[in-house]
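Chemist: Below are the sequence and a predicted model for it; my questions follow.
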Amino acid sequence: MQEFDHDLDVRGLNCPLPILKTKKQLATMRPGEVLRVRATDPHSVVDFLSFCGKTGHEMVAHHEADGVYHFLLRKRESA
């Protein structure tokens, strides 16, 4: 299992709340740190892939297990 620095549980929340809470959490982190996000919104895979594409954060890994979507995001280096 991949190591992570911060953990965010957004299970039970629907779009756009998982992304908004993730954005807020990432803002508190240092570049290069990894955030684990756990979500139950089925659309979250598309949302998080799009979010990473637009913001420059790295999608390290993602998978689904028992209806929970797990994402590992690495905060982008400062511009």
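Modeler: Arrived safely. Residues are numbered from 1 along each chain as shown.
Chemist: and the closest residue to D9 other than its chain neighbours, what does it touch?
Modeler: Spatial nearest neighbour of D9, excluding adjacent residues (C-beta to C-beta, 6 or more residues apart in numbering): R38 at 5.2 Å. Heads up, the C-betas are built off the backbone N, CA and C, glycines and all. By C-beta atoms under 8 Å, 6 or more residues apart in numbering, the residues touching R38 are 7-11, 68-71.
Chemist: you'd agree R38 is in a strand?
Modeler: Yes: with DSSP: H, G, I helix; E, B strand; the rest coil as the criterion, R38 is assigned to a strand.
Chemist: From here on, call the first residue 547.
Modeler: Fine by me, first position is 547 from now on; the one you just mentioned is R584.
Chemist: who does it bridge with?
Modeler: When bridges are called by DSSP bridges, R584 pairs up with D555, H616.
Chemist: Next, work out how far apart it and G602 are.
Modeler: Remark: distance between R584 and G602 (C-beta to C-beta, to the nearest Å) = 22 Å.
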